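Student: Predicted model and sequence follow; I will ask about them next.
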Amino acid sequence: MRRFQGLCGLFLLGVVGCGGFFVPQTNSGGGTNTGDYIYVGNGNNTYIAGFGLNSSGALSVLSGSPYNNGVAAQSLAVTPANTFLYAGTTNGIYAYAINSNGSITVQNSGSAVAQDMVATRMQVDSTGGYLLAAGVGTSTAAQAIGIYQINASTGLLTAITGSPLPLYTGNASTATLVAPTGLLITPNNSYVYVSLGALGVQILTLGTGGALSAGAAPAILSPISTSTSPGAAGLASDPLSAFLFVAEINTGLRVLSIGTGGSLKEVSGSPYAVGTGPAGVILDATGSYVYVANRGSNNISAFTLTAASGKLTAIAGSPFASGGQLPIALLNDNTKKFVAVINSGGNGTGGNSDMQVFKFDTTTDGQLDPVSTATTGTDPTNPLSIAASH
């Protein structure tokens, strides 16, 4: 009998959407619109909220937002050209065209464009030609990764040969089934890393035409054995694809150098202490700063990165309050001047918000200063996913 681990957070569905809710924001005002868009998928209803972000960091609701997806979006991904938004759900993957004002229009007459995966994490490769979707295969009920070619005109998806590719299920005679908690295509488009919770991080290579290989035997970065119930979560890399950053629950932030074939080697000083329950991790566009969303302590740990060695140094004032309860994911906006975090808890009261936007402090390098906040619907919305224009 197969053992299921961590899937309860995947099949949240039993949710009912609510219509016509109001999405208030607080911001610092002023500035001109940059064509900078952020999309948030809620876990407690079936809506995707869309926001514009102006040059001062102020948020505005996009035309037609929130958008009823019919099913809660557990993962979101935007193409590099900002032409399409994909929403992963328990009913498959849905595609939206991104209009010139940032609003979105559902494609394929509202039907899913792929139904062979329950995608918990997604990313489009740097060419914009392929969507990778890590999650649970519908035919096998086991962890897998779907690889789809994107139609540049319609956004429709075509699974390539061999998709979905099975992922590691452990060495035991009884398979350990998990919902993937992280997915990263390195900036050089060469390697793919998938977080598999307590099983660790699987290493795959990405070739031309979307060809993805797990090798003759699965290559796995195991959790650090000395910690209690460790589990890999968020993943990030620097712009040069020299290092992999792994937010590991009950361990901290691991930093590993990336070698031939995507192999990993822990750098000196790793793992680094962060807050409780590290979930999401990002770097700024320059690769100078590393940020970790700590779900259990409601804050963001911040570090400077020494590019030559991978050494991290805590930034003055770190950790920074996330502005809400249970932060789980971070991203850079398309101007790379702002960082946004989504808080997945029961927000909306006591000054807690579903999303907080920060700017970089002009005096202290890497320090995050809060700029604006937003609710993504009638709270609690429990945001699960976030994506932005590039």
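Tutor: Now that the structure is in, tell me what you want to look at. Residues are numbered from 1 along each chain as shown.

Student: Which strand residues bridge the spatially most central residue of the chain?
Tutor: By CA atoms, centre = their mean, the mean C-alpha position of the chain lies nearest to A329, the distance being 5.9 Å. According to DSSP bridges, I342 are recorded as the beta-bridge partners of A329.

Student: please begin residue numbering at 175 from this point
Tutor: Renumbered: residue one is now 175, and that last one reads A503.

Student: I'd say it and A562 touch.
Tutor: No. With the criterion set as CB atoms under 8 Å, A503 and A562 do not qualify as a contacting pair; they are 11.0 Å apart. All C-beta atoms are positioned from the backbone trio N, CA, C, and that covers glycine.

Student: Pull the contacting residues for the closest residue to N526 other than its chain neighbours.
Tutor: The shortest distance from N526 to any non-neighbouring residue, by CB to CB, 6 or more residues apart in numbering, is to G498 (4.2 Å). G498 makes contact with 472, 517, 519, 521, 526-530 under the criterion CB atoms under 8 Å, 6 or more residues apart in numbering.

Student: Please apply the same query to A459.
Tutor: With contacts taken as CB under 8 Å, 6+ apart, A459 has the following neighbours: 413, 506, 510.

Student: Roughly how far does the last one sit from L259?
Tutor: Just to be clear, that refers to K510. 20 Å (CB to CB, to the nearest Å).

Student: Does A286 touch I267 like I think?
Tutor: Yes. Taking contact to mean CB under 8 Å, the distance of 5.9 Å between A286 and I267 places them in contact.

Student: Shouldn't S283 be within a strand?
Tutor: No. With DSSP: H, G, I helix; E, B strand; the rest coil as the criterion, S283 is helix rather than part of a strand.

Student: ok, K510 and L259, which is more surrounded?
Tutor: Each of K510 and L259 had its neighbours counted (other CB atoms under 10 Å), and the higher figure belongs to L259 (28 against 13).

Student: and the more buried one, what are its bridge partners?
Tutor: The partner list for L259 in beta bridges (DSSP bridges) reads V252, Y270.

Student: wait, it sits on V252?
Tutor: Yes. The pair L259 and V252 passes the contact test of CB under 8 Å, sitting 5.3 Å apart.

Student: what is in contact with the two at once?
Tutor: Overlap of the contact sets of L259 and V252 (by CB under 8 Å, 6+ apart) consists of 213, 272, 561.

Student: Strands - which of these land there?
Tutor: When DSSP state E is applied, the shared contacts of L259 and V252 are split such that 213, 272, 561 fall in strands.
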